[in-house]
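> after the sequence you'll find the predicted model.
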Amino acid sequence: EVLLSGAIALFEHLGDQTKAVEARIELGCCYYHQGLFEIAHSTLRSCIFDLRHQQCELKAVALIRLAIIERHSRRLHEAMTLLDEAAALEATFSAWTHGRFETELANTLKDLGVLEGKKSYIDRALSHYREAAIQFEGIGNLRYTAAVENNRGYLLLSLRRFDEAAKHLNRARALYNGLGDNIGCAQVDETLGQLYLNSGNYALAESSIKLAVNTLEDSGEEALLAEALTTQ
C-alpha cells in the first residue's frame, strides 16, 4: 500500500496520469486483499471515472477488478453489469486481460447459477472457463491456466460429473507441480479430496486431504488450511 501510494505520487508529479491511474487500480486491489471492500470499491470507481476513451483496456481491467469486489460482496447482478460494460471493450483486450475477463465472468455465472438454481448460468460458466484456459495457455501463463482448471474441475464436481472433474483437477495439479507451486498443489489436493469423498473412494480421499493439510500446516495460508481441515 505504501509503495503503490508512493508510485502514484511520483507519476502525478511527472504528469503521467495514465500510469497514476494504473497504480491506483493496483492500490484498489491492495485494499481488496486486506478486506477493505468499501475503500477498494471507491478507489476503483474513481479510476473508471478518470480513464479516457482511448484507455479502453485499462478501463476494462478496472471494471473486472471492481466486478471481483462486487462478487465477493455477494452483489452478483452488479458484478454482471460491470462485466457487461467490460465486454463492450473486448476488441481492445490483450490475451491476459481476455483471460482475466473470461475467468471472472465464469466465476460470477457459477455463483449466480448456484444462488438462483439456473442450469443455463452453469453451462455458460463452463464455457467461459474453457475460453479462459485457452487464453492463458496461449501466452504461456501456466499458473493462471492451472487456477482456471481447478475452478473448472470444482464446478464439474459440484455437478457430480466426476470423471470430467478429475481430468481437469489432475491437469491443474500437474501444472502447479511443474511450476513448483506447493500451495497450488495443496489447493487441488483439497478439491480432489472432495471429489474422491463424493464418489465414495474414501482411501484416495484420505490420501489427498492428508497431502493438502500437511502442506498447508506450515504455509501461513490459514484460510486454505481451514478449508482443508473441514474437508478432512
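That came through, no problem.

> only C-alpha atoms for contact and neighbour calcs from this point on.
Will do.

> pretty sure residue 202 is touching residue 192, no?
No - between residue 202 and residue 192 there is no contact under C-alpha atoms under 8 Å: 11.2 Å.

> between those two, who's got more neighbours?
residue 192 (28 against 15; other C-alpha atoms under 10 Å).

> once you drop chain neighbours, what's closest to the more buried one?
Nearest non-adjacent residue to residue 192, counting by C-alpha to C-alpha, 6 or more residues apart in numbering: residue 208, 6.4 Å away.

> contacts only, for that neighbour.
Taking C-alpha atoms under 8 Å, 6 or more residues apart in numbering, we find residue 208 in contact with 189-190, 192-193.

> show me where this structure has strands.
Using DSSP state E, the chain contains no strands.

> need the longest helix for the protein.
Determined from DSSP state H, the single longest helix within the chain is helix 95-116.

> can you get me a residue count around residue 109?
So residue 109, with other C-alpha under 10 Å, has 25 neighbours.

> ok, of the contacts of residue 208, which one's closest to residue 36?
Looking at the contacts of residue 208 and their distance to residue 36, the nearest is residue 190, at 27.7 Å (C-alpha to C-alpha).

> surely the closest one is in contact with residue 230?
No - with contact defined as C-alpha under 8 Å, residue 190 does not reach residue 230; the gap is 9.8 Å.

> which one of the two is surrounded by more residues?
For residue 190 versus residue 230, the count of surrounding residues by other C-alpha under 10 Å is larger for residue 190: 26 against 10.

> list the residues that contact the more buried one.
Counted by C-alpha under 8 Å, 6+ apart, residue 190 has contacts 208-209, 212, 227-228, 231.

> buried only: go through these for me.
208-209, 212, 228, 231 (16 or more other C-alpha atoms under 10 Å).

> before we move on, back to that, tabulate the contacts of residue 190 (TSV), appending distance to residue 51 and pLDDT.
Shown next, in TSV, are these (distance: C-alpha to C-alpha, whole Å; pLDDT from 0 to 100):
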residue	distance to residue 51	pLDDT
208	47	96
209	46	96
212	43	96
227	39	93
228	42	94
231	44	94
